[in-house]
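Participant: predicted coordinates and the sequence they were generated for:
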Amino acid sequence: MKETFFNNLSNLERSKDYIHPAVEQAYKKAHATLHESEIDPRDFEELYGKENVDRDLTSVKNKEKGFTKDANSVYAEVLEAVMYHQIGHGNWFGEKAQTIKPSQYDDVYNGCDLILELEDLQQKLSHLSLSIDVTFGTTTEEKKFSAIKKNIDNGNLGKIKYFYSEHGGFRGELSKVPQVVIGVEKDIVVQLAGLWSTEGMLKEKTEEMLREHPVQRVILSEILLQLQVFKNYAEETGKTTLIPTYQKNIAILEEILKEKGFMSMGNLRNDKVFTAIRESLSIFKNEK
């Protein structure tokens with residue numbers, strides 16, 4: 001893909017509090033898109049009881065008191081919305097992949113920004129919990145990977161309390177959900193934001209550019225790398241019950257990546273966040 005005028009942010013634009021105009025413009029659309037799409041815990045009152053749901057909603061409200069969105073969270077929310085839309089409508093992960101926006105409760109307490117719903121060759125559904133980060137590439141994801149490692153050590157995977165799938169028709173708590181961390185540099189989010197928020201005569205062209213953007217291959221590669229590392233760690237530590245779930249998702253992701261074989265990562269191969277993710281995965285070593 002050709003470089004766009006959004007590339008190569010200046011030092012001023014790289015300051016931690018700076019929000020690029022393209023991202024600022026896309027943020028309102030992103031916030032509305034995600035809010036309208038998120039699962040509503042009140043739809044589960046019959047299942048969990050109104051008192052339990054009210055308690056969860058109050059807990060989230062209290063947790064978010066005094067929380068102020070910083071620039072990183074704005075960039076992350078825009079990337080999240082672009083992914084939500086492009087996986088569902090731009091075939092970033094193939095025709096059979098969909099995204100589900102979890103409730104705020106599962107975002108806050110289960111670390112899930114998006115749920116990726118995949119279909120295998122036998123038309124069975126599989127799910128991944130995505131945690132999304134956007135940085136300048138100067139920090140690592142060790143804290144989140146430490147939590148994933150602790151889960152594996154305890155023989156557990158992630159869970160989603162408030163889950164509903166239109167495709168699968170399931171409503172309730174989703175368990176045994178592999179967790180992965182994805183992210184790209186802010187430069188890339190600026191590109192995506194500019195393309196995604198374009199209206200008017202250029203909209204058709206920018207939609208085509210989004211469908212072909214190599215960031216989709218970067219994100220797929222990040223996910224696949226993590227699943228392989230987590231599966232190997234589960235094997236090395238004797239957590240055999242987790243292995244089939246990882247293997248199933250690895251097989252699906254490998255098939256999707258094959259479909260993207262013609263697509264080069266280009267300069268995104270050296271994305272600093274992807275590099276930080278690779279380096280942080282070094283904690284998954286069996287020291288016994």
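Facilitator: Sure thing, it's come through.

Participant: now the helices for the stretch 101-250 of the chain?
Facilitator: Counting by DSSP state H, counting those that start in this stretch, the stretch 101-250 of the chain has helices at residues 104-110, 142-153, 186-196, 203-211, 215-236, 243-259.

Participant: least trustworthy helix or strand in this protein by mean pLDDT?
Facilitator: Ranked by mean pLDDT, DSSP states H and E, the weakest helix or strand in the chain is strand 125-135, scoring a mean of 82.

Participant: and among the helices of the stretch 101-250 of the chain, the most buried is which?
Facilitator: Of all these, helix 186-196 has the most neighbours on average by mean count of other C-beta atoms under 10 Å, namely a mean of 24. Glycine gets a C-beta too; all of them are placed from N, C-alpha and C.

Participant: what average pLDDT does it get?
Facilitator: Averaging pLDDT along helix 186-196 yields 93.

Participant: stretch 241-250 too?
Facilitator: The model assigns stretch 241-250 a mean pLDDT of 95.

Participant: ok, and what's touching it?
Facilitator: Applying C-beta atoms under 8 Å, 6 or more residues apart in numbering, the contact partners of stretch 241-250 are 118, 120, 126, 128, 152, 155, 157, 176, 178, 224, 227-228, 230-231, 234-235.

Participant: what packs against the least confident helix or strand of the chain?
Facilitator: Applying 3 or more C-beta pairs under 8 Å, 6 or more residues apart in numbering; DSSP states H and E, we find strand 125-135 packed against helix 71-89, strand 114-119, strand 158-164, strand 171-177, strand 179-185, helix 186-196, helix 243-259, helix 272-280.

Participant: okay, and for the stretch 1-150 of the chain, where does confidence drop off?
Facilitator: Low-confidence segments of the stretch 1-150 of the chain, defined by pLDDT under 70: 1-15, 134-140.

Participant: if I pick Tyr164, what's in contact with it?
Facilitator: Residues counted as contacts of Tyr164 (C-beta under 8 Å, 6+ apart) are 39, 43, 100, 170-171.

Participant: buried members of those into PyMOL, please.
Facilitator: The buried residues among the contacts of Tyr164 can be selected in PyMOL (16 or more other C-beta atoms under 10 Å) with this line:
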select buried, resi 39+100
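
Participant: what sits closest to Phe145 if chain neighbours are left out?
Facilitator: Spatial nearest neighbour of Phe145, excluding adjacent residues (C-beta to C-beta, 6 or more residues apart in numbering): Ser280 at 5.2 Å.

Participant: pretty sure the one you found is touching Ile148, no?
Facilitator: No: look at Ser280 against Ile148 with C-beta atoms under 8 Å: they stay out of range, at 10.4 Å.

Participant: can you give me the neighbour number for the closest residue to Gly155 other than its chain neighbours?
Facilitator: Ranked by C-beta to C-beta, 6+ apart and with sequence neighbours excluded, the top spatial neighbour of Gly155 is Lys239, at 5.2 Å. Look at Lys239: counted by other C-beta atoms under 10 Å, it has 20 neighbours.

Participant: quick one: Lys239 from His127, how far?
Facilitator: Note on Lys239: its distance to His127, by C-beta to C-beta, to the nearest Å, is 19 Å.

Participant: the helices of the stretch 101-250 of the chain: which one's closest to His85?
Facilitator: His85 sits nearest to helix 186-196 of all those, at 7.1 Å, using C-beta to C-beta.

Participant: just checking, what packs against the closest one?
Facilitator: In terms of contacts (3+ C-beta pairs under 8 Å, 6+ apart), helix 186-196 is packed against helix 21-37, helix 71-89, strand 125-135, helix 203-211.

Participant: how far off centre is that helix?
Facilitator: Here helix 186-196 is found 16 Å from its chain centre; the criterion is C-alpha atoms, centre = their mean, to the nearest Å.
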